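Asks: here is a sequence together with a model predicted from it:
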Amino acid sequence: MKKIVLTISLIALIGGSQLWAQGKCSKFYPLKEGAHFTLTIFDQDSISQGTVTYKVDEVTGDSGRYTYSMAMGNTVLNSAQYTISCTDDGVDIDFSSMGGGMLSRYSNMDVDIAGTNIYIPNDLSVGRTLPDATMDLRVSGAPGGVNISMKMTNRKVEGTETIIDPNGEPRECFILSYDLIMNMGTTIRSHAKQWLAEDVGLLKTKDFDVDGGTLRGLMVLTSYEL
């Protein structure tokens, strides 16, 4: 159960930020075969807990196929491939694609998944609010059934900050924040912030308690190659 919660939480924290295959429709992420990114997961005491990696495998027009993998030590918790397509004014992605490898554990069961997409426009500006995103997952055939719901709400652009990326380049980032409500039989609430930079994408994510005061963990981009 702890691994499932961790997987879903990190998927939500990444939000739409893992969409490397976005072509000309997004100024935040490159569309280039072979581009790869590694984010390191840290707990509240800044102790490394694992990594999340992305790699663009194939590009066709304004869409691309990439591999996503999350590992804790030598154990791969989640791994999958996705095809992501662009919209004219930015990017949106549904939670079913983001869930990816997590859903493979239910491959022999009936899975119903629905929700509203995560939307990230090109014209981010401080003070702008963004629409909520939701996911409802129901699995039939599992003992007792499995029902998972998740909602990203109060999404907004809080401000900007310049961060030095792993290659030593200064990057001006937009800081996006949102509240996360997850229900897996019990309700888990948290507050998250993301730092997004043009051309590279996600540089940093922080996960806080529901009040946004206590840091519970973070992810930092530790290497990338375009």
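Replies: Looks like it came in fine.
Asks: quick one: residues contacting the spatially closest residue to T214 that is not a sequence neighbour.
Replies: Closest residue to T214 apart from its sequence neighbours, by C-beta to C-beta, 6 or more residues apart in numbering: F208 at 6.2 Å. The C-beta positions use only the backbone N, C-alpha and C, and glycine is treated the same way. For F208, the contact set (C-beta atoms under 8 Å, 6 or more residues apart in numbering) comprises 190-193, 214-216.
Asks: cool, and K156?
Replies: 127-130, 176-178.
Asks: please pick the buried ones from those.
Replies: Listed as buried from these are 130, 176-178; burial here means 16 or more other C-beta atoms under 10 Å.
Asks: for this protein, what spans make up the helices?
Replies: All helices of the chain, identified by DSSP state H, fall at 2-14, 95-99.
Asks: what mean pLDDT does the last one get?
Replies: Average pLDDT, helix 95-99: 56.
Asks: in the chain, what spans have low per-residue confidence?
Replies: 1-26, 29-31, 59-68, 80-85, 93-108, 141-145 (pLDDT under 70).
Asks: try 50 this time
Replies: Counting by pLDDT under 50, the chain contains low-confidence residues at 1-8, 15-23.
Asks: what comes up buried for the longest strand along it?
Replies: The residue-count maximum for a strand in the chain (DSSP state E) belongs to strand 146-164. Within strand 146-164, the residues that count as buried by 16+ other C-beta under 10 Å are 146, 148, 150-152, 155, 157, 163.
Asks: now do the contacts for T38.
Replies: Contacts were defined as C-beta under 8 Å, 6+ apart; by that measure T38 touches 51-53, 221-224.
Asks: one more: L221?
Replies: Counting by C-beta under 8 Å, 6+ apart, L221 touches 37-39, 165-166, 200, 202-204.
Asks: one more: D45?
Replies: Contacts of D45 (C-beta under 8 Å, 6+ apart): none.
Asks: backbone dihedrals for it, both of them.
Replies: Main-chain dihedrals, D45, degrees, to the nearest 10: phi -100, psi 10.
Asks: can you give me the distance of it to T187?
Replies: Separation of D45 from T187 (C-beta to C-beta, to the nearest Å): 26 Å.
Asks: ditto for L77
Replies: L77 sits 23 Å away from T187, taking C-beta to C-beta as the criterion.
Asks: swap in D136?
Replies: D136 sits 14 Å away from T187, going by C-beta to C-beta.
Asks: who's more crowded, the two?
Replies: D136 (16 against 9; other C-beta atoms under 10 Å).
Asks: what about that one, distance to N183?
Replies: Computed as C-beta to C-beta, the D136 to N183 distance reads 10 Å.
Asks: repeat for V91
Replies: Per C-beta to C-beta, V91 is found 26 Å from N183.
Asks: any chance you could map the strands in this structure?
Replies: 36-43, 48-60, 63-72, 75-85, 90-93, 110-116, 118-121, 129-130, 133-140, 146-164, 170-183, 187-197, 201-208, 215-225.
Asks: deepest-packed of those, please.
Replies: Mean neighbour count, computed with mean count of other C-beta atoms under 10 Å, is highest for strand 201-208 among the strands of the chain, reaching a mean of 23.
Asks: next, the angle from that strand to strand 170-183.
Replies: If you take axes from the mean of the first three to the mean of the last three C-alpha atoms, to 10 degrees, strand 201-208 sits at 50 degrees to strand 170-183.
Asks: C-alpha coordinates for strand 201-208, CSV please?
Replies: The C-alpha trace of strand 201-208 is given here as CSV (Å, rounded to 0.1, in the frame of the first residue of the first chain):
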residue,chain,number,x,y,z
GLY,A,201,10.7,21.8,-18.0
LEU,A,202,10.6,20.7,-14.4
LEU,A,203,13.6,21.8,-12.3
LYS,A,204,12.1,21.3,-8.8
THR,A,205,9.0,20.1,-7.0
LYS,A,206,8.2,20.4,-3.3
ASP,A,207,5.5,18.5,-1.3
PHE,A,208,4.1,20.1,1.8
